[in-house]
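Trainee: Model the following, please.
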Amino acid sequence: VSHVIKSGVKHFEAADPQNLVAILKEKEKYIESILPELEKIRHIVKERPKVEFFEGKAGIKSVMDDLIRTKKSVVSFSSTKDILSLLQFYVPQFIKNRVKAGINIKLVTEKTAETEEIMKGKDKSELRETRFIPKLGEIPNTVYIYGNKVAILNTEVDNPFGILIENENIAKTHRLLFETIWERAK
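Mentor: Numbering: from 1, shown residues only. Now for the predicted structure:
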């Protein structure tokens with residue numbers, strides 16, 4: 001818009017609409033000139049870990065369902081007895097879904113007569129490899145490490161909850177810890 005003052009009155013006149021296109025092209029060139037610098041700034045900012053909290057049995061099931069959806073091999077420290085008592089009807093279905101998805105699991109669990117009986121002869125059909133650690137007190141949680149995620153499940157019947165951490169470095173660290181224990185387990 002342009003304007004002129006005639007006899008003390010301001011008169012407006014519309015500018016050529018083609019000017020809008022020229023203005024946009026000028027702004028586009030400016031943005032393109034600063035894009036490389038904006039990309040550098042974006043890459044300086046590191047990816048923040050994503051952390052989610054899940055409450056109750058339903059929350060733990062949600063975390064376990066995420067494991068199936070991710071379709072990545074799993075390594076796990078687990079209190080087999082606790083998770084089975086907490087989710088006695090869900091765990092068999094979870095195992096079927098994991099096997100159906102072709103997800104292998106390496107499991108370290110406490111060595112008790114009960115856990116040995118549960119695992120006896122089922123590892124191959126359930127795409128699982130199990131090693132035991134001596135009973136030094138039961139493992140109080142279940143930890144799943146898959147893809148770039150670490151799921152920590154508190155499987156106490158009176159206070160079940162899950163924490164899901166999504167971060168490549170955290171997953172890598174937990175996987176390394178798992179492999180160290182795996183090599184020493186029987």
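Trainee: what are the phi and psi angles of Glu37?
Mentor: phi -70, psi -40 (degrees, to the nearest 10).
Trainee: how many other residues sit next to it?
Mentor: By the measure other C-beta atoms under 10 Å, the count of residues near Glu37 is 9. (Glycine included, C-beta is placed from N, CA and C.)
Trainee: The one 10 residues further on now?
Mentor: Other residues near Glu47 come to 10 when the count uses other C-beta under 10 Å.
Trainee: residues touching it, list them.
Mentor: Contacts for Glu47 (C-beta atoms under 8 Å, 6 or more residues apart in numbering) come out as Asn167.
Trainee: one more time with 10 Å
Mentor: 148, 166-169 (C-beta atoms under 10 Å, 6 or more residues apart in numbering).
Trainee: Can you classify it by secondary structure?
Mentor: coil (DSSP: H, G, I helix; E, B strand; the rest coil).
Trainee: ditto for Gly102
Mentor: At Gly102, secondary structure determined by three-state DSSP is coil.
Trainee: if we can go back for a sec, out of the contacts of Glu47, which are buried?
Mentor: 148, 166-167 (16 or more other C-beta atoms under 10 Å).
Trainee: mind putting those in CSV, distance to Glu13 included?
Mentor: Output for the buried ones among the contacts of Glu47, formatted as CSV (distance: C-beta to C-beta, whole Å):
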residue, distance to Glu13
Asn148, 61
Glu166, 58
Asn167, 60
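Trainee: From those residues, which land in strands?
Mentor: Glu166 (DSSP state E).
Trainee: Output the buried ones among the contacts of Glu47 in TSV; the columns should cover distance to Ser78 and pLDDT.
Mentor: TSV is the format used below for those (distance: C-beta to C-beta, whole Å; pLDDT from 0 to 100):
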residue	distance to Ser78	pLDDT
Asn148	20	95
Glu166	20	95
Asn167	21	94
